[in-house]
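Trainee: below is the sequence, then the predicted model.
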Amino acid sequence: MKLMIAILTTLLTTFYVTAVSATSVSIMTYNAENLFDTVHDEGKKDYTWLPLKTKQQSKEIQKYCASMRSEHYRRNCFELDWSEETLDAKIQNLSRVILSFNKGEGADIIVFEEVENINALNLLVKQGLGKKGYKYISLIEGPDSRGIDIGMISRYPIISQKLHKVDISKVQKGRSTRGILEVTFKVKNKTVTVFGNHWPSQGNNDQTRLVASKVLAKKVKLVKSDLVVATGDFNQTRSDSPHGINLNILPLFEDVEVLGRKFSTETSVGTHWYRGEWESLDRIFILKKSLKNKNVYVDYSTFDIINKNFMVQDLEWIDFDTGAVNFDENIPWRFNAKTYQGFSDHLPVAVKINL
């Protein structure tokens, strides 16, 4: 009897120590869709996202807006009032989405796409997420002409950060794109490296995303962290050819969405909707080398393409080719600067990983 008690005590103690020592780190990626502050950044074409009064008083801005070829973008440039009140509404709405994950706490590390600068990211943390412990912020300015960058916020300290250039000029002349942001965090006694991606949009040819995939694959091989994650908006559709993810990323990484869908049967069809088509542009990949470590375990049951009822809307739209009127449900609700309603045209993706 004493022997059985001793064995049981040992097992319980072992379980307790393991449970206490285990660390769970949650990661989210979210394309915030034009999170700009209200101040012009020199050298950037951010004129659309400025207060209306500022734009009306500037001949330079008026000239720029008049030069835009697209009627939609030209009208936005002239008429959109990106005031402090508008920005605050955008921040509050994004924060509501972020905190809908993990019982109101949000993820430990969040990777953002389409953030103008570190000031915009600081405002998001201060005005929307100020009590949630996001003490550490990373954003390195890149070459995007509009000024949008990749940024990260974290509850864990940053050890290092660097931006890897993605040069697409040889495959698409006259174009530049965002770099790949590499940030390493100290998670208790472990190191976690996250690569934030925002590959060239579908307005660029498929070769440009292949170039980005090669840069990521090359840089990942140099990392020696306990856990390596690549995430972000990859802008890669199923029909792309060549397909950068299939050729260069999947040989090195595990696609969290593939296994996550087996556990999360009610998750969204995709992360981005465009004229009747859903795609999973926003992804989370875990380096296969990291998964060989027995101490790293992806909790696939926590995988989620977050699509709470308040984030989505039903939409009636017209097919420009056929003139047919279509109706789709649960579409990402984009932010409207006039009504202060809506969030982003992308849905965020999140998962928890045990170390």
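Mentor: Arrived safely, thanks for sending.

Trainee: now S213: which helix or strand?
Mentor: If you go by DSSP states H and E, S213 is part of helix 206-220.

Trainee: in the stretch 1-150 of the chain, what spans have low per-residue confidence?
Mentor: Along the stretch 1-150 of the chain, segments meeting pLDDT under 70 span 1-22.

Trainee: so where do the helices sit in it?
Mentor: 2-21, 52-56, 59-66, 71-79, 84-98, 118-128 (DSSP state H, counting those that start in this stretch).

Trainee: residues of the second one that come out buried?
Mentor: By neighbour count on 16 or more other CB atoms under 10 Å, the buried set for helix 52-56 is 54-55. (Glycine included, C-beta is placed from N, CA and C.)

Trainee: and stretch 298-310, by the same measure?
Mentor: 298, 300, 302-307.

Trainee: centre of the chain to it, how far?
Mentor: With CA atoms, centre = their mean, to the nearest Å as the basis, stretch 298-310 stands 14 Å off its chain's centre.

Trainee: tell me which residues are up against it.
Mentor: Stretch 298-310 has contacts (CB atoms under 8 Å, 6 or more residues apart in numbering) with 24, 26, 96-97, 100-101, 254, 256-257, 259-264, 267-268, 270-271, 280, 282, 284, 286, 291, 330, 332, 347-354.

Trainee: in the chain, which strand is the longest?
Mentor: Looking across the chain with DSSP state E, the single longest strand is strand 24-35.

Trainee: just checking, what packs against that one?
Mentor: In this structure, strand 24-35 makes packing contacts with helix 84-98, strand 109-115, helix 118-128, strand 190-198, strand 227-233, strand 282-287, strand 349-354, judged by 3 or more CB pairs under 8 Å, 6 or more residues apart in numbering; DSSP states H and E.

Trainee: tell me the spacing between the nearest residue to V97 once chain neighbours are set aside and G260.
Mentor: In space, and not counting its chain neighbours, V97 is closest to F343: 5.4 Å by CB to CB, 6 or more residues apart in numbering. From F343 across to G260, the span is 22 Å (CB to CB, to the nearest Å).

Trainee: please identify which of those two sits among more neighbours.
Mentor: F343 (26 against 22; other CB atoms under 10 Å).

Trainee: is the more buried one in a helix, a strand, or coil?
Mentor: Three-state call for F343 (DSSP: H, G, I helix; E, B strand; the rest coil): coil.

Trainee: check contacts around it.
Mentor: 33, 93-94, 96-97, 311, 332-335 are the contacts of F343 under CB under 8 Å, 6+ apart.

Trainee: where does it fall, phi/psi-wise?
Mentor: With angles defined as degrees, to the nearest 10, F343 sits at phi -140, psi -80.

Trainee: for it, give its distance to D41.
Mentor: Distance from F343 to D41, by CB to CB: 24 Å.

Trainee: picking that back up, mind putting the helices and strands packed on strand 24-35 in a markdown table, mean neighbour count included?
Mentor: A markdown table is the format used below for those (neighbours: other CB atoms under 10 Å):
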| stretch | mean neighbour count |
| --- | --- |
| helix 84-98 | 19 |
| strand 109-115 | 28 |
| helix 118-128 | 19 |
| strand 190-198 | 25 |
| strand 227-233 | 27 |
| strand 282-287 | 23 |
| strand 349-354 | 24 |
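
Trainee: any chance of the ones you listed in JSON lines, plus distance to I245?
Mentor: Formatted as JSON lines, these follow (distance: least, CB to CB, whole Å):
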{"stretch": "helix 84-98", "distance to I245": "25"}
{"stretch": "strand 109-115", "distance to I245": "16"}
{"stretch": "helix 118-128", "distance to I245": "27"}
{"stretch": "strand 190-198", "distance to I245": "10"}
{"stretch": "strand 227-233", "distance to I245": "10"}
{"stretch": "strand 282-287", "distance to I245": "8"}
{"stretch": "strand 349-354", "distance to I245": "14"}
